[in-house]
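Undergrad: Please work out how this folds:
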Amino acid sequence: MKITKKEYKVLKGIIERYEAKKKPNTIAGVDFSEVVNCLHEVKVKPTIYDWSNEPEEVMFMCTDDDGKRERWSEKPEWSISGGSWLYAGNGHGSKGYMTYLTTYNSPFEGKAEDSLEARPQ
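TA: Numbering: from 1, shown residues only. Model prediction:
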């Protein structure tokens, strides 16, 4: 299960507050300790990107060296020689690259080659 960083922070805060109290807690008649136990078992991992408003055809997102968020329908690969993301299925090129969806608002911080993320299932 993947969730956004914002959702992860909220869940982490809930777990920390619950564990600090160390006593049973219910919300709307549900024993909250069971929710906390489930979250620990699932080991939720935050996603890099917010996928909630992305079109269905976007299967991968990544960030280029300029900080632009790129959307792809096909899985791209990092080109060491070019320092960018390329589709490498049948030679190098831009197959699957959605130019019209590129934006400058990438939340990713770090090396661009570590920014690729597949759409969460």
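Undergrad: Got the phi and psi for residue 11?
TA: When read as degrees, to the nearest 10, the backbone of residue 11 gives phi -60, psi -40.
Undergrad: And the protein, split by domain according to the record?
TA: 2-46, 60-118 (automatic domain parsing).
Undergrad: Please enumerate the helices of the chain.
TA: Assigned by DSSP state H, the helices in the chain fall at 5-21, 32-42.
Undergrad: I'd like to know which elements the longest one is packed against.
TA: Which is helix 5-21. Judged by 3 or more C-beta pairs under 8 Å, 6 or more residues apart in numbering; DSSP states H and E, helix 5-21 is in contact with helix 32-42, strand 45-46. C-beta: built from backbone N, CA, C; applies to glycine.
Undergrad: Flag whichever of these has the least confidence on average.
TA: Mean pLDDT is lowest for helix 32-42 among the helices and strands packed on helix 5-21, at a mean of 65.
Undergrad: Distance-wise, check residue 14 relative to residue 8.
TA: Distance, residue 14 to residue 8, by C-beta to C-beta, to the nearest Å: 11 Å.
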